[in-house]
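*Asks:* take this sequence and fold it.
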Amino acid sequence: MSLKLDLCNFSGYKIYPSRGIRLARTDGKIYNFVSKKCRNSYLMKKNPRKISWTVLYRRKHKKGTEADVAKKRTRKAVKFQRSIQGATLEHILAKRNQKPEVRKAQREQMIRSQKEKAKAKKEAKAVTKKKTDTKAVRAGQKKITKGNAKSRPNRSNVMM
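*Replies:* Next comes the predicted model:
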């Protein structure tokens, strides 16, 4: 046989059968209290979260829960290295273990080669631009026409 247990509306304690006080309000709500102490505190509009012997206070201030629940253990982050796209893990570790002077020399050599490539590209672009440059083409045409112009008499000084 199971007992019907009520809870105190103020303290939160269990109320066993034939114990406690019942209060019926005019709006029809019924309140159960363990003792006169709880009933009077409720009627004086005390806050059960501020009264140290109530269940609500103990819950709010985390009293008595350490014995039941052990602290959660946090997991330590495990370092894990993965290969990057285009480079395997062995390749990365080999680079890391190189001496700084060797790495610096490789870097400078790579920069030098990139600069040379860029310079060659720029020169090639300049050569192609000269060939297709309209001003240069027109200048070449003028030189040709100037040679023919000398056969004609100069009319710039002639008055009309």
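
*Asks:* show me which helix runs longest in this structure.
*Replies:* For the chain, the longest helix by residue count, based on DSSP state H, is helix 100-132.

*Asks:* where does this structure dip in pLDDT?
*Replies:* 66-71, 133-137, 139-160 (pLDDT under 70).

*Asks:* one more time with 80
*Replies:* For the chain, applying pLDDT under 80 flags the ranges 1, 65-72, 80-86, 129-160.

*Asks:* element containing the residue nearest to the spatial centre of it, please.
*Replies:* Nearest to the geometric centre of the chain sits residue 77, at 18.2 Å (Cα atoms, centre = their mean). Per DSSP states H and E: residue 77 is located in neither a helix nor a strand.

*Asks:* now do the same contact list for it.
*Replies:* For residue 77, no contacting residues are found, by Cβ atoms under 8 Å, 6 or more residues apart in numbering. For the C-beta atoms, the positions are set from N, CA and C on the backbone; glycine is no exception.

*Asks:* need the phi and psi values for it.
*Replies:* Dihedral angles of residue 77 (phi, psi; degrees, to the nearest 10) stand at phi -70, psi 130.
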